[in-house]
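> missing the sequence, but the structure's below:
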Ligand code: UD2
């Protein structure tokens, strides 16, 4: 069987991708377990797990030198924007330096690679107000996280034009689904909301804090659609050397989201309103025309996505 490498492969997106790909590939995973959990992975003899950091040059060199990968998905990152503001130097090592090192290792050792896919973020667009965001919209990265994502993405794409390394990048909007870690206040808002609904269902006391009036909206994209997008981008000839928004093209407000979950579960979640978070943007919405042109068509809207998620979480 052919080999795939997923960095950050026990995290939310990485583990979901590994579980999908292990039917057809030997899936190599490198993860330092800083956010993810090995229990996210299905039990399979096709998974080869390496515990370590993508910033470890010796470890990465060994991994890339000794294996021929058909695809590499670089999903390892410090995902918290707040962390990047607190610790710009540390987060830069993971979110930027590891990418450049991986590109160099691929240039040297991966002669049969079909694609390296890098996970970037909608954060690169920052707070410029024109919506929806197209890939060529104004880029205004406002945090170390966003700056690293944008610069790493540009390096990744340049390695195709400069050296012919087959690369692509994706800019994730707000991804949600089972296995998303809800432990930090900066975890994806849907995972926090679902956790609180779960507590109430179990008879515990819980509430959800809305920062602002709840009318802020996001383009929430379900993990199954994200996996489809990653695979389409990795396998399309047209996606070489270019980047794609990964969203649904539809925005949902927090208020509407909470109503949707309430009506699916028939449970009421007490809400507390607090001041908006510093730097929070009001609306975020992807234009997914470019991804559509290579065959992406999201299968889940917020209602079907939340139904699927809640089924997995509450069964
Ligand atoms: C997302 C990404 C972030 C960065 C950013 C770029 C996630 C988890 N975060 O941040 O990494 O790429 O986009 O724009 O995908 N909220 C509450 N209560 C809570 C938690 C959140 O009201 O307990 C609000 C929050 O203030 C925001 C909205 O919910 O208005 C969405 O928050 P988020 O952290 O899920 O995602 P976002 O878009 O701020």
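Noted; the coordinates are in hand. Here the structure is a predicted model, which means the values were calculated and not measured.

> when you work out contacts or count neighbours from here on, use the C-alpha atoms and nothing else.
Will do.

> which parts of the stretch 201-315 of the chain sit against the ligand?
Selection of the stretch 201-315 of the chain residues close to the ligand by C-alpha under 6 Å from any ligand atom yields 209, 210, 211, 216, 277, 280.

> would you show me how to pick out the buried ones of those residues in ChimeraX?
Only the buried members of these enter the following ChimeraX selection, criterion being 16 or more other C-alpha atoms under 10 Å:
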select :210,211,216
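
> what about the helices in the stretch 51-200 of the chain?
If you assign secondary structure with DSSP state H, counting those that start in this stretch, the helices in the stretch 51-200 of the chain sit at 57-66, 81-86, 88-92, 98-109, 144-163, 189-201.

> in CSV: those, plus mean pLDDT and mean neighbour count.
Putting these into CSV (pLDDT from 0 to 100; neighbours: other C-alpha atoms under 10 Å) gives the following:
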stretch, mean pLDDT, mean neighbour count
helix 57-66, 98, 15
helix 81-86, 94, 16
helix 88-92, 98, 16
helix 98-109, 98, 18
helix 144-163, 98, 20
helix 189-201, 96, 19
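
> adding distance to residue 13 as columns, could you present those helices in CSV?
Formatted as CSV, the entries for those read as follows, by distance: least, C-alpha to C-alpha, whole Å:
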stretch, distance to residue 13
helix 57-66, 21
helix 81-86, 17
helix 88-92, 19
helix 98-109, 18
helix 144-163, 16
helix 189-201, 13
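
> residue 313 is nearest to which of these?
Proximity of these to residue 313 was assessed by C-alpha to C-alpha; the nearest stretch is helix 189-201, lying at 8.5 Å.

> tell me which other helices or strands the helix or strand bottoming out on mean pLDDT in the chain touches.
Counting by mean pLDDT, DSSP states H and E, the chain has its least confident helix or strand at helix 81-86, which shows a mean of 94. For helix 81-86, the contact count by 3 or more C-alpha pairs under 8 Å, 6 or more residues apart in numbering; DSSP states H and E identifies helix 88-92, helix 144-163 as packing neighbours.

> how far off centre is that helix?
In terms of C-alpha atoms, centre = their mean, to the nearest Å, the centre of helix 81-86 is found 17 Å from the chain centre.

> is the ligand within reach of it?
Yes: judged by C-alpha under 6 Å from any ligand atom, helix 81-86 comes into contact with the ligand at residue 81.

> out of the residues of the stretch 201-315 of the chain next to the ligand, who's nearest residue 54?
Within those, distances to residue 54 taken as C-alpha to C-alpha reach their minimum at residue 280, with 29.7 Å.

> what's the pLDDT at that closest one?
On pLDDT, residue 280 comes in at 89.

> leaving out chain neighbours, which residue sits closest to residue 17?
Across the structure, with C-alpha to C-alpha, 6 or more residues apart in numbering as the measure, the residue nearest residue 17 apart from its sequence neighbours is residue 227 (6.1 Å).

> correction: residue 148
If you skip the residues right next to it in sequence, residue 148 has residue 96 as its closest partner in space, 5.4 Å away by C-alpha to C-alpha, 6+ apart.

> rewinding a little: tally of neighbours for the residue nearest to residue 17?
Using other C-alpha atoms under 10 Å, residue 227 has 19 other residues around it.

> how about the secondary structure of it?
At residue 227, secondary structure determined by DSSP: H, G, I helix; E, B strand; the rest coil is helix.

> check the one 10 residues further on too.
Assigned state for residue 237: coil (three-state reduction, three-state DSSP).

> the helices of the stretch 51-200 of the chain: which one's closest to residue 125?
For the helices of the stretch 51-200 of the chain, proximity to residue 125 was assessed by C-alpha to C-alpha; helix 144-163 is nearest, at 8.4 Å.

> close to the ligand, is the closest one?
No: Helix 144-163 stays out of contact with the ligand when judged by C-alpha under 6 Å from any ligand atom, the minimum separation being 7.3 Å.

> one step back: so what's the residue nearest to residue 17 up against?
Residue 227 is in contact with 13, 16, 17, counting by C-alpha atoms under 8 Å, 6 or more residues apart in numbering.

> from those, which are also near the ligand?
On the criterion C-alpha under 6 Å from any ligand atom, none of the entries of the contacts of residue 227 sits beside the ligand.
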